[in-house]
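>>> coords please:
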Amino acid sequence: MAHIDIRKADRPGDLGWTVMAQGAAYAAEQGWSAGYEGLVARIVADFAAGHDPEREALWIAEVDGERAGCIALVAADEPGTARLRILFVDADARGLGLGSRLVAHCLDFARAAGYERVVLWTVSLLHSARRIYEANGFTLVKEEPFRGFGHDLVGQDWVLDLQ
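This is a model prediction of the structure:
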């Protein structure tokens, strides 16, 4: 049985892996352009440039000591609101429940940090992520077609009330 650990992204290479792994995976699996990798790079760079460790975090999931997934929680612009970002599980680690464990870990942190709600944005074709969000009580509040990452996609806004 695989040993799974979720830890803060505080080791050399963690942030770079987060960008590289997602860029490579979504290019291979969805045919997405480097624009997606750029989006992840901006999210990670903003986090690295300055975050409140009491209210914001980025975690790495490891399987048998190897990086296999990640997730971040950052403060949103609205008071009392956190934003779940960059949930990712490497293809080789899918089916182990990492995505669900990462989201649960993130939401536990959000509650402990005193957030009232968590919001997230994703695209409709990421069905596994959608199932995880729904299972955790997130509600789809908006869908909007857009052109991004070299494709016509549908963006989705989800909200979870922690009260």
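
>>> make sure Phe109 is indeed in a helix.
Yes - Phe109: assigned to a helix according to DSSP: H, G, I helix; E, B strand; the rest coil.

>>> next up, the contacts around it.
Ala57, Leu73 (C-beta atoms under 8 Å, 6 or more residues apart in numbering). No exception for glycine: its C-beta is placed from N, CA and C like everyone else's.

>>> mind checking the SS state of Arg130?
What three-state DSSP gives for Arg130 is helix.

>>> how about Tyr115?
Strictly by three-state DSSP, Tyr115 counts as coil.

>>> give me the nearest residue to it, chain neighbours excluded.
Nearest residue to Tyr115 in three dimensions, chain neighbours excluded: Ala82, at 4.3 Å (C-beta to C-beta, 6 or more residues apart in numbering).

>>> how many other residues sit next to Ile60?
Neighbours of Ile60 under the rule other C-beta atoms under 10 Å: 22.

>>> could you say which helix or strand holds it?
strand 57-63 (DSSP states H and E).

>>> average pLDDT across that strand?
Mean per-residue pLDDT for strand 57-63: 98.

>>> now stretch 41-53
96.

>>> what helices or strands is the strand holding Ile60 leaning on?
Secondary-structure packing of strand 57-63 (3 or more C-beta pairs under 8 Å, 6 or more residues apart in numbering; DSSP states H and E): strand 4-8, helix 14-30, strand 66-75, helix 98-112.
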